[in-house]
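Trainee: Just need the structure, nothing else, for what follows:
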Amino acid sequence: MVVRRRSTAISTTTSRSDCLVERLEGGKNVPDSLRGGIIALGNFDGFHLGHQAVVGRAVDLARAEGRPAIVATFDPHPVHYFRPEVPPFRLTTLDQRQRLFAAAGADAMLVLRFDEMLANVTPEAFVCDWLVGQTGTTGVVTGNDFTFGKDRRGSVATLKQLGPPLGMDCETVDPVRDAEGAISSSRIRKALQAGDCRSATRLLTRPFAVQNAVQHGDKVGRELGFPTANIDMGDYLRPRYGIYAVRGRLPDGRVLDGVANLGVRPTFDPPKELLEPYFFDFDGNLYGAEVEVELIEFLRGEAKYDDLDSLKAQIARDCDDAKAALRV
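Mentor: Predicted structure coming up:
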């Protein structure tokens, strides 16, 4: 079987129109060219160093055997299904994961919709019907703590027991560790909530980035001389509110340096939560465009100002601070 070879380097400099893997929904209608592949199995929300190790191993096995490499991810995250009241905690969207999986060398992304049916499937049915039956999987690579099936009764031991008689092997990858312990999405979320962008970037191997469509706003930034793009945070984790040095990536591939306010804009009434980047040396219309904003450095917390002149002066200082941070 001939499979497409891709670079395994994780990069955020590629235009969003490039390097996309095929997106498969729920294992149905899997084309013959992608059946019989090696599947990396997990949530992969952050796609951090630990997740990259799992996917990297699956890609290596697939290339060695001449098979397609597929990354399976769950959407929504199982936590959102079982506990819908939990505040947003997403680190990536499916679109972002699709690009990241492509950069890691995968040939396709398999989206497993986590709904009532999947939440109640038995471990046996998940292996026999969902993995082997629907996709013809010949191998699975996952973390050694992966669980699945109703009441999380399935484990790696289950995969290794049920898989071989069906022609499916299972391999596990140990957690990737640094001096502070195992690298995890929880650690990344804590770093972002503390405003520690540098640590989050190190663990992710790229800056945390919010991607969404630019909305119309109240035009206050334009009146101040600092026109901003208004971006809703959606289901993303809320990092620490404040001012950030940022980089924006436009649909045409351009990369723009800037400064952004993330929070509720306490100077204005009523408060409204937004990510509002102001891009240096940019003059154009971004309304409706999908813009990805990387948080590079936390500069300061949000503050309320008595008048617009004071706010304008502070924004000018923030621009200088952001330019300095982005030069590092």
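Trainee: center of the protein - which residue?
Mentor: Taking C-alpha atoms, centre = their mean as the criterion, T92 is the residue nearest the geometric centre of the chain, at 2.0 Å.
Trainee: Correct me if wrong, but that one is in a helix.
Mentor: No. Read with DSSP: H, G, I helix; E, B strand; the rest coil, T92 is coil and lies in no helix.
Trainee: Give me the distance between it and H51.
Mentor: Applying C-beta to C-beta, to the nearest Å, the value for T92 to H51 is 10 Å. C-beta here means a position set from N, CA and C on the backbone, and glycine is covered the same way.
Trainee: try L41
Mentor: Noted for L41: a distance of 11 Å to H51, by C-beta to C-beta.
Trainee: and what of D178?
Mentor: D178 is 15 Å from H51, by C-beta to C-beta.
Trainee: Same question for A58.
Mentor: Relative to H51, and taking C-beta to C-beta, A58 is found at 11 Å.
Trainee: repeat for C197
Mentor: Remark: distance between C197 and H51 (C-beta to C-beta) = 19 Å.
Trainee: Of those two, give the one with the bigger neighbour count.
Mentor: H51 (28 against 24; other C-beta atoms under 10 Å).
Trainee: Now the more buried one. Nearest residue, chain neighbours left out?
Mentor: F44 (4.7 Å; C-beta to C-beta, 6 or more residues apart in numbering).
Trainee: which ones are touching that neighbour?
Mentor: Residues near F44 by C-beta atoms under 8 Å, 6 or more residues apart in numbering: 51, 54-55, 71, 73, 97, 101.
Trainee: Farthest-apart pair in the residues you listed, please.
Mentor: Spanning the widest gap among the contacts of F44 are V54 and R97, at 13.3 Å by C-beta to C-beta.
Trainee: who's more crowded, those two?
Mentor: Legend: neighbour count by other C-beta under 10 Å for V54 and R97, higher for V54 (27 against 24).
Trainee: Pull the top strand by length along the chain out as CSV, backbone CA atoms only.
Mentor: Selection of the longest strand in the chain by residue count, based on DSSP state E, yields strand 290-300. The C-alpha trace of strand 290-300 is given here as CSV (Å, rounded to 0.1, in the frame of the first residue of the first chain):
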residue,chain,number,x,y,z
GLU,A,290,-10.7,33.2,10.9
VAL,A,291,-7.7,34.5,12.8
GLU,A,292,-5.4,32.5,15.0
VAL,A,293,-3.8,34.5,17.9
GLU,A,294,-0.8,33.0,19.7
LEU,A,295,-0.3,34.2,23.3
ILE,A,296,3.5,34.8,23.5
GLU,A,297,4.0,36.7,26.8
PHE,A,298,1.8,37.9,29.7
LEU,A,299,2.5,41.6,30.3
ARG,A,300,0.2,42.7,33.0
